[in-house]
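1. Provide a 3D model corresponding to the input given below.
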Amino acid sequence: MAKPRKSITLILSFILLAAACVMPAPAAAASTVTLPGNLKTVPAQAFYGDTSLSAVVIPEGVTSIGSKAFANSSVKTLTLPASLKSIASDAFSGTKITKVNAKAGTYAYKWGRKKGYITEYRALLIGEKTFLNYNWFLGYSLDITNRNVGDVDHMAAMLKKVKGPKGGKYAVTKKTDQLYGQIEALIQSTFRDTMDQDVSLFFIATHGNSAGDGDLAMPFVGDIDSADDIEEWYGQPDLPFSDLASWLKQYVKGEVIVIIESCGAGSAIYSPSEQNGRPVLKANSGYDEKAFTEKAVAAFAAADPGLVIPEANTGAYLEDGLQPNSTGDLRIKKFYVLAAARHRELSWGHEGGDPGNYFTDWLLEGIGTANNSPADVSPKDQYLTLNELFTYVKQYDSYPFSSDGSIYYQHVQRYPVNSSYKMFSFK
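-> Model (predicted):
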């Protein structure tokens, strides 16, 4: 390193003396340095190679940071002022910065984002509540599913209490009754300018298709008194998981937490295949408790080519020649998924005065609060991993629902299996 000029040495001595004056003794020996308030620039090489630094607070009024000012130092946390106008490209070369604090919209904030030091957390919560219902005796009516909106409100309240995996707070967008194209536009606008270090959350509560491909149902927003509007409505598309995955992959950079509350939600991470031209259950990292191994199914199919293959523990069937067309699309590395129910399985909601669905209630119960988080068990560290939340909700898999004299069960699904990914934090 070149020897600093005398003027720089004097300036640096002043900086260190002023910093010592504002630091309480004996904490002056600690590695947090707050620079003096009348400073206008941090000189070149001012803290070059300083291995005693951990955190540096640069006050308002500083407009520039010079070349190699903190290069090869041990600084890890920076607090930068809104007054900053320039930072030398090599000011922090050779450092291992983990956190930058800066006011949103400032030069310092944009610099921290570009460098990957500032992580943003954004959440889009959608509750679809208005659906078209047809009764042979009463004709058309609207099915108002308030519990889906209740789920959104409960999720938003939870996100105010927790932090993201690296400690940031979520910026939450809530919407109700969004159509196919509106959901795409919302994803595009909500997650615009996300970066690879960011964490985003997408939550949707709606009706789903538990008897087929699992597509998400879109709401009815027309005039119930108009037969023409109703007829036109039937041309509106539902939301296939293939399209949802495509939008989240295309418009959202970084990691994406996807939470789906709907019947057939497990279709998002379900992987069917074909064997001898027939659909066969295939084990994959997102689908749990398969009733038949592929080998067993193949043996039965060979003995009886007309066999209808039952799905794992659901009582539903893949009929001859039927291949679901919107499945497994969220099984991509950037996605971390919790789905309320299996492929072709019902997801149940509260009736009456409780505005919420069982799955969302169980999930939020597991998250709890900082001092009482039931899902935080292995290890108990104030972080909630995907596997911890899945395991907590899964305890309700044996909770029976009765309908028309039959007993049903709801099985939470996740991708990937046994993931230690930190979804939420109380730290």
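2. tell me what the host helix or strand of Phe203 is packed against?
-> Taking DSSP states H and E as the definition, Phe203 sits inside strand 199-205. If you count contacts as 3 or more C-beta pairs under 8 Å, 6 or more residues apart in numbering; DSSP states H and E, strand 199-205 packs onto strand 121-127, helix 146-161, strand 255-261. The C-beta positions use only the backbone N, C-alpha and C, and glycine is treated the same way.
3. got the angle for the first one vs strand 199-205?
-> Angle, strand 121-127 to strand 199-205, by axes from the mean of the first three to the mean of the last three C-alpha atoms, to 10 degrees: 10 degrees.
4. helix or strand right after the strand holding Phe203?
-> By DSSP H and E, the next helix or strand past strand 199-205 is helix 227-233.
5. list the contacts of the next helix or strand after that following helix.
-> Where DSSP H and E defines the elements, the next helix or strand beyond helix 227-233 is helix 241-251. Applying C-beta atoms under 8 Å, 6 or more residues apart in numbering, the external contacts of helix 241-251 come out as 180, 183-184, 187-188, 191-192, 202, 214-216, 256, 258, 267-268, 325-330, 332, 334-335.
6. again, only this time at 6 Å
-> 184, 187-188, 191, 256, 267-268, 326, 329-330 (C-beta atoms under 6 Å, 6 or more residues apart in numbering).
7. top of these by neighbour count?
-> Counting neighbours by other C-beta atoms under 10 Å, Ser267 leads the contacts of helix 241-251 with 35 neighbours.
8. OK, contacts around it?
-> Per C-beta under 6 Å, 6+ apart, neighbours of Ser267: 214, 241, 327, 343.
9. out of the residues you listed, flag the one nearest to Val57.
-> Phe241 (46.8 Å; C-beta to C-beta).
10. so that closest one versus Pro416, what's the distance?
-> To Pro416, Phe241 is 16 Å away according to C-beta to C-beta, to the nearest Å.
11. could you look up the SS state of the residue lying closest to Tyr396 once chain neighbours are set aside?
-> Sequence neighbours aside, Trp362 is the residue nearest to Tyr396 in space, at 5.3 Å (criterion: C-beta to C-beta, 6 or more residues apart in numbering). The local conformation at Trp362, judged by DSSP: H, G, I helix; E, B strand; the rest coil, is helix.
12. my read: Trp362 touches Tyr392, true?
-> No: if you go by C-beta atoms under 6 Å, Trp362 and Tyr392 don't touch, sitting 7.4 Å apart.
13. domain parsing for this structure?
-> 6-115, 121-269+324-425, 272-318 (automatic domain parsing).
14. for those domains, which one ends up most surrounded?
-> domain 121-269+324-425 (a mean of 19; mean count of other C-beta atoms under 10 Å).
15. look up phi and psi at Asn133.
-> phi -130, psi 140 (degrees, to the nearest 10).
16. residue contacts, it?
-> 141, 143.
17. for Gly164, same thing?
-> Here Gly164 is in contact with 121, 199 (C-beta under 6 Å, 6+ apart).
18. measure it to Phe424 for me?
-> Plainly put, Gly164 is 7 Å away from Phe424 if you go by C-beta to C-beta.
19. then Gly112?
-> From Gly112 across to Phe424, the span is 23 Å (C-beta to C-beta).
20. just for the stretch 201-350 of the chain, where's the confidence low?
-> Where the stretch 201-350 of the chain drops to pLDDT under 70, the residues are 211-213, 271-326.
21. 90 - rerun?
-> For the stretch 201-350 of the chain, applying pLDDT under 90 flags the ranges 209-215, 221-237, 242, 264, 266-267, 269-329, 331-333, 342-346, 348-350.
22. which residue ranges of the stretch 301-427 of the chain form strands?
-> 309-310, 317-318, 335-339, 383-385, 401-403, 406-408, 413-415, 422-425 (DSSP state E, counting those that start in this stretch).
23. using CSV, lay out those together with distance to Gly356.
-> Putting these into CSV (distance: least, C-beta to C-beta, whole Å) gives the following:
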stretch, distance to Gly356
strand 309-310, 32
strand 317-318, 31
strand 335-339, 16
strand 383-385, 19
strand 401-403, 15
strand 406-408, 19
strand 413-415, 19
strand 422-425, 18
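24. please identify which of the ones you listed is closest to Ile58.
-> Ile58 sits nearest to strand 422-425 of all the strands of the stretch 301-427 of the chain, at 26.8 Å, using C-beta to C-beta.
25. tell me which other helices or strands the closest one touches.
-> strand 383-385 (3 or more C-beta pairs under 6 Å, 6 or more residues apart in numbering; DSSP states H and E).
26. list of residues touching the strand it packs on?
-> 375-376, 420, 422-425.
27. on that earlier part again, out of the helices and strands packed on strand 199-205, nearest to Thr98?
-> Comparing those by C-beta to C-beta, strand 121-127 comes nearest, at 16.2 Å.
28. the closest one vs strand 255-261, what angle?
-> Counting by the same axes, to 10 degrees, strand 121-127 points 20 degrees away from the direction of strand 255-261.
29. I'd like the average pLDDT over strand 121-127.
-> Strand 121-127 comes out with an average pLDDT of 98.
30. from here on, count from 651
-> Renumbered: residue one is now 651, and that last one reads strand 771-777.
31. give me the contacts around it.
-> Contacts of strand 771-777 (C-beta under 6 Å, 6+ apart): 798-799, 801-802, 805-806, 809, 814, 818, 820-826, 828, 840-841, 849-855.
32. can you do 7 Å?
-> Residues outside strand 771-777 that contact it (C-beta atoms under 7 Å, 6 or more residues apart in numbering) are 798-799, 801-802, 805-806, 809, 814, 818-826, 828, 833, 836-837, 840-841, 849-855.
33. so what strands line up beside it?
-> Its sheet considered, strand 771-777 pairs with strand 820-826 (parallel), strand 849-855 (parallel) by DSSP bridges.
34. on that earlier part again, let's have the helices and strands packed on strand 849-855 in a markdown table, adding distance to Gly1018.
-> Listed next are the helices and strands packed on strand 849-855 as a markdown table, based on distance: least, C-beta to C-beta, whole Å:
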| stretch | distance to Gly1018 |
| --- | --- |
| strand 771-777 | 19 |
| helix 796-811 | 9 |
| strand 905-911 | 17 |
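35. between the ones you listed, which one is nearest to His1061?
-> strand 905-911 (13.5 Å).
36. return the distance of the closest one from the chain's centre.
-> 5 Å (C-alpha atoms, centre = their mean, to the nearest Å).
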